[in-house]
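Colleague: build the 3D model from these lines:
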Amino acid sequence: MQFDQLKRRDFITLLGGTAAAWPLAARAQQQPAMPVIGFLSIRSAGTDAQFLVSFRQGLSEAGFVEGRNLVVEYRFAEGRFERLPVMAADLVGRQVALIVATGGNPALLAAKAATATIPIVFTTGDDPVKAGLVQSLNRPGGNLTGVTTSFGEAAPKRLGLLREILPNDTIIGVLVNPNDSIAANTETNGMRKAAQLVGQRIEILQAGTDGDIDTAFARLIDMRAHALIVAPNSLFVIQADQLIALAARHAIPTLYWRREFTEAGGLMSEGARQSWRDQPVQVRPR
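Modeller: I've put the predicted structure just below:
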């Protein structure tokens, strides 16, 4: 299928189309009348709450209601990437009819490594071709298909928006998670190219755990950075309260990529729309 910005109705349509084929597949493989699908996420049930609303609505519009004619096996890694391969293998061992993988490349790659036959529907903020998930955007091939928000392509815009509220000769930190190397490299390269074009000094900071986030902010203070850009990553969604509190405590203007951060007290966000209600840029009123 053609990849595009992830909107609520896109995912509903994608999931509904996949679900419509389940009864035939179930009969052909002599599976139980009630199909079982797997849900694999890097995040937690709490941070995936908004996504799960669209997920279940898409199932409902395709005629599937969880607990009535469908079973969903949920697996949440809660930011611990090392748990993903075991969780993916467990879903495959349960012979699920479909795997929904979300939250970042590690979950998608874990699902892909676990099976070459079970259909996998994914969401990602990166280029799925460069990530090795599919062969091309128009013809994914294999057993994977999905949608992408292409967060990495927005790096220059995020940098430009933050520069608009800062004086000249500033230092801007960029926080990435090295545990998701594909996304981290995409963000790092995008930011460095954008910064070079406008003569902006940036410093790349890495955080793979909540403790690393504290260390990253300590480095920001030591280098007298004036602002921070938080790169798209599931760990940072899970640790949103920690990031927002640290930014407020140290008075560091911080730009995020999801609306939920500004709703929770963050300063600014800019990114692809996550639902029909979202606006691309959100700034918290002062």
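
Colleague: please make it C-alpha for all contacts and neighbour counts, starting now.
Modeller: OK.

Colleague: helix or strand right after whichever strand or helix holds Ala184?
Modeller: Per DSSP states H and E: Ala184 is located in helix 181-198. As assigned by DSSP H and E, the chain's next helix or strand after helix 181-198 is strand 201-206.

Colleague: can you dump the C-alpha coordinates of that next one into CSV?
Modeller: Provided in CSV are the C-alpha atoms of strand 201-206 (Å, rounded to 0.1, in the frame of the first residue of the first chain):
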residue,chain,number,x,y,z
ARG,A,201,25.4,24.9,17.0
ILE,A,202,23.8,21.7,18.2
GLU,A,203,24.9,19.0,20.7
ILE,A,204,23.6,15.4,20.4
LEU,A,205,22.7,13.9,23.7
GLN,A,206,21.9,10.2,24.3
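
Colleague: show me what the following helix or strand past it is packed up against.
Modeller: Using DSSP H and E, the helix or strand that follows strand 201-206 towards the C-terminus is helix 210-222. Applying 3 or more CA pairs under 8 Å, 6 or more residues apart in numbering; DSSP states H and E, one finds that helix 210-222 contacts strand 201-206, helix 240-249.

Colleague: give me that answer again for 6 Å
Modeller: Identification of packing neighbours for helix 210-222 by 3 or more CA pairs under 6 Å, 6 or more residues apart in numbering; DSSP states H and E yields no helix or strand.

Colleague: that helix versus strand 201-206: what angle between them?
Modeller: Counting by axes from the mean of the first three to the mean of the last three CA atoms, to 10 degrees, helix 210-222 points 160 degrees away from the direction of strand 201-206.

Colleague: what's the span of stretch 93-105 from first residue to last?
Modeller: One end of stretch 93-105 to the other measures 21 Å (CA to CA, to the nearest Å).

Colleague: give the buried residues for that stretch.
Modeller: Judged by neighbour count (16 or more other CA atoms under 10 Å), stretch 93-105 contains these buried residues: Val96, Ala97, Leu98, Ile99, Val100, Ala101, Thr102, Gly103, Gly104, Asn105.

Colleague: take those and keep only those in helices.
Modeller: Asn105 (DSSP state H).

Colleague: quick one, what contacts the most centrally placed residue in the chain?
Modeller: Centroid-nearest residue in the chain: Gly103, 4.0 Å away (criterion: CA atoms, centre = their mean). Applying CA atoms under 6 Å, 6 or more residues apart in numbering, we find Gly103 in contact with Ser41, Ile42, Ser234.

Colleague: nearest to Val72 among those residues?
Modeller: Val72 has its nearest neighbour among the contacts of Gly103 in Ser41, at 13.0 Å by CA to CA.

Colleague: tally of neighbours for that closest one?
Modeller: Applying other CA atoms under 10 Å, we find 28 residues neighbouring Ser41.

Colleague: distance check, it against Gly58.
Modeller: In this view, Ser41 and Gly58 are 18 Å apart by CA to CA.

Colleague: what ranges does the chain have for its helices?
Modeller: Counting by DSSP H, the chain has helices at residues 8-19, 22-28, 49-61, 84-93, 105-114, 155-163, 181-198, 210-222, 234-238, 240-249, 259-263.

Colleague: now distance to Ala77 and mean pLDDT too, for those, in CSV please.
Modeller: Formatted as CSV, those follow (distance: least, CA to CA, whole Å; pLDDT from 0 to 100):
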stretch, distance to Ala77, mean pLDDT
helix 8-19, 22, 55
helix 22-28, 27, 46
helix 49-61, 15, 89
helix 84-93, 6, 97
helix 105-114, 9, 93
helix 155-163, 27, 86
helix 181-198, 17, 89
helix 210-222, 15, 95
helix 234-238, 10, 89
helix 240-249, 17, 96
helix 259-263, 20, 87
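
Colleague: export these to JSON lines and tack on distance to Asp169?
Modeller: JSON lines is the format used below for the helices of the chain (distance: least, CA to CA, whole Å):
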{"stretch": "helix 8-19", "distance to Asp169": "40"}
{"stretch": "helix 22-28", "distance to Asp169": "58"}
{"stretch": "helix 49-61", "distance to Asp169": "39"}
{"stretch": "helix 84-93", "distance to Asp169": "42"}
{"stretch": "helix 105-114", "distance to Asp169": "35"}
{"stretch": "helix 155-163", "distance to Asp169": "10"}
{"stretch": "helix 181-198", "distance to Asp169": "11"}
{"stretch": "helix 210-222", "distance to Asp169": "16"}
{"stretch": "helix 234-238", "distance to Asp169": "28"}
{"stretch": "helix 240-249", "distance to Asp169": "20"}
{"stretch": "helix 259-263", "distance to Asp169": "26"}
